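**Q** Generate a structure from the sequence data that follows.
(2 chains)
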Amino acid sequence: MTLLAPPHPLEKRVLLRRFPEPRTEPVWIDEYLRTGGYEGLRKALSMEPEQIVDEVKKSALRGRGGAGFPTGMKWGFVDRKSPKPKYVVVNADEGEPGTCKDRILMGYDPHRLIEGVLIGGRAIGACRGWVYIRGEYREYIDIVDRAIEEAYARGYLGSNVLGSGWEFHLATHTGAGSYECGEETALLESLEGKRGNPRLKPPFPATSGAFQCPTIVNNVETFCAVPDIILNGGEWYASLGTPKNGGTRLVCLSGHIARPGVYEVPLGMNMLAILNEIGGGVWKGRKLKAVIPGGSSSPVLKAEECDIPADYDSLARIGSMLGSGATVVLDETADMAKVLARLMKFYAHESCGWCIPCREGTTWLKKISARLEEGVGSERDLATIDQISQNMLGRTFCPLGDAAAMPAMAIVRKFRDEILEKLGRAEAFAPVPGAQPLVVL
Amino acid sequence: MTFSPELEARFAKMIANYPPGRQKGALIPMLLYAQDEVGAVTDEVIDEIGRRLKVSRVEIEEVLGYYTMLAREPRGKHHLQICTNISCMLTGGEELFEHACRKLGVGNKGKTPDGQFSIEEVECLGACSWAPAMQVNYDFYYHMTPEKLDQLIDSLRKLQ
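**A** Sure, this is the predicted structure:
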């Protein structure tokens, strides 16, 4: 079967422009070249590296892996004059629950990724790169491997890229089952053949990354946006989105929605329009209860909060995140205590155990939320979850601790009544008519 | 120990992908591809890969304890990995997992006595828009139902 959805009229397809129709085969190199492939690279090779970074800065492209950090700025941190070799790493360890977009890009347009990596490599003066792909994605590792072979055979990779005298090598690197390795420094540890424990930052990878050399690490989708930015200019790309939130992004619709799928929308498109128009609304004619807007780590939104532009800054303003673009829809029947318990089970399983607030925090969040799911917890458990979460926030080596704490706090705060009702305690704790507050004399 | 010529060719290419003196980078990919061929990361696999990459046994044990796909004991010939994370949970992933356990008479991470099937409840497989999803070895199956799972298991049984 194909994983590509037919384009919806409200979509703006840039990354997916080669797919006006769903298909099953990837775009291999001949078709890629026929449809404007590697033109961005040709242009980049005629530019100064600083110009490439400037174009990406102008584009207002932000990291599509979850953190939303400005890509051009990240690239600008690399010291091109450093005597050390410089590296490019693609984060294709797609594992944030709800996220299923990188597989589309790798699985159908692998040369777009390779071209984006080459341009990034040129911008920082790199000599080598790796595509770190989660182990479960063997299907996509094989596709990217074949595309890399094609690119070597045609001179796009190798000791003399398109006769420019620049040497750049690229290979895939398989993960072996770990959510934590999607965190960039844990990924680098894994690339070096070790457990995926995160590193203390700073130094950031731009200074000391893969094998202690200057490195840029970006998500698959981020690199895939680069060829069009170079070809059409940063300003063109920026104009597709909203200020400081340039371009288009892939949105992965899942859960209780009529038309789940991966679609491409401009940054800033209204969340309800995405859900109702493109996604076809809530499934089975039910009502919307909540939306997880950017992967399981992003704080849940209540239905009435969803009438907002879906971009990084708008979601941050209401205390959530655009994250990885994974939008999970929960209908009126969704049991929020169960949602909480499942997510906490996930984070406890995936915590690498390297630092204590995360290792202990996720374990307790899992245990307490499991009680709530079973309906045997108490009202105090909600306060305990909130308190544990606050003690985790910002106190861990990597964002996995925050990624568990943020959704936990959002669920117990926004769905307190529902969870208490499930416990059958709501009534027990209602104000007693005629009771007077105690006064300490 | 020896690996197939195909795997040896892959290993030679893999090791060349890392900077000089940094061949340890190939460790995790080599362990996974070796496991695919041998069936598990056996003592022999550990010794052989450790020798080639100049990595000590304890460093390999550290890695084996961390990555969920690496296994010291062989799994079933058909390893069913059923996702029950959020998007799959909302669309029936838990029921699917329980159905598979009942049908095969084994629990999470269990293996049938004939060694044909094993089951694992897994975290997000990155197939959320086509949930509930599962994998048998490396093959993905989307929009699963208990009925489709029955058919799948029956067709895998016939492969024997």
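**Q** Skipping its backbone neighbours, what lies nearest residue 42 in space?
**A** Answering for chain A, as no chain was given. Leaving aside its chain neighbours, residue A:42 sits nearest to residue A:162 (6.9 Å; criterion: C-beta to C-beta, 6 or more residues apart in numbering or on different chains). The C-beta positions use only the backbone N, C-alpha and C, and glycine is treated the same way.
**Q** Please refer instead to chain B.
**A** Counting by C-beta to C-beta, 6+ apart, the nearest residue to residue B:42 once its immediate chain neighbours are dropped is residue B:72, at 7.5 Å.
**Q** For the one you found, which residues are in contact?
**A** Residues near residue B:72 by C-beta atoms under 8 Å, 6 or more residues apart in numbering or on different chains: B:40, B:41, B:42, B:64.
**Q** secondary structure class for the second one?
**A** Yep, that's residue B:41 we're talking about. Secondary structure state of residue B:41, per DSSP: H, G, I helix; E, B strand; the rest coil, is coil.
**Q** ok, now how distant is it from chain A?
**A** 10 Å (C-beta to the nearest C-beta, to the nearest Å).
**Q** Helices of chain B, start to end?
**A** When assigned using DSSP state H, the helices of chain B occupy the ranges B:5-15, B:27-38, B:43-53, B:57-64, B:86-90, B:93-104, B:146-158.
**Q** do the same with the stretch 201-350 of chain A
**A** Taking DSSP state H, counting those that start in this stretch to define them, one finds helices in the stretch 201-350 of chain A at A:220-232, A:234-240, A:271-273, A:312-317, A:336-350.
**Q** Just name the most buried of those helices.
**A** Greatest average neighbour count among the helices of the stretch 201-350 of chain A goes to helix A:220-232 (a mean of 26), per mean count of other C-beta atoms under 10 Å in any protein chain shown.
**Q** and that one, anywhere near chain B?
**A** No. Using C-beta under 8 Å from any C-beta of the partner chain, helix A:220-232 stays clear of chain B, coming no nearer than 11.3 Å.
**Q** got the contact list for the spatially most central residue of chain B?
**A** Residue closest to the average C-alpha location in chain B (C-alpha atoms, centre = their mean): residue B:69, at 4.7 Å. Residues near residue B:69 by C-beta under 8 Å, 6+ apart: A:135, A:136, A:176, A:177, B:32, B:35.
**Q** which of these count as buried?
**A** A:135, A:136, A:176, A:177, B:32, B:35 (16 or more other C-beta atoms under 10 Å in any protein chain shown).
**Q** where does the second one fall, phi/psi-wise?
**A** It refers to residue A:136. phi -70, psi -20 (degrees, to the nearest 10).
**Q** quick one: low-confidence parts of chain B?
**A** Chain B contains residues with pLDDT under 70 at B:160.
**Q** Let me fix that, I meant to ask about the stretch 251-400 of chain A.
**A** Counting by pLDDT under 70, the stretch 251-400 of chain A contains no low-confidence segment.
**Q** and it, which residues reach chain B?
**A** So the stretch 251-400 of chain A meets chain B at A:252-256, A:260-262, A:292, A:296, A:326, A:328, A:330, A:334, A:338-339, A:342-343, A:346, A:349-350, A:352 (C-beta under 8 Å from any C-beta).
**Q** how does chain B divide into domains?
**A** According to automatic domain parsing, chain B comprises the domains B:5-64, B:78-158.
**Q** which one of these has the most crowded surroundings?
**A** Stretch with highest mean neighbour count among the domains of chain B: domain B:78-158 (a mean of 19; mean count of other C-beta under 10 Å).
**Q** all strands of the stretch 1-150 of chain A, in order?
**A** Assigned by DSSP state E, counting those that start in this stretch, the strands in the stretch 1-150 of chain A fall at A:87-92, A:128-133.
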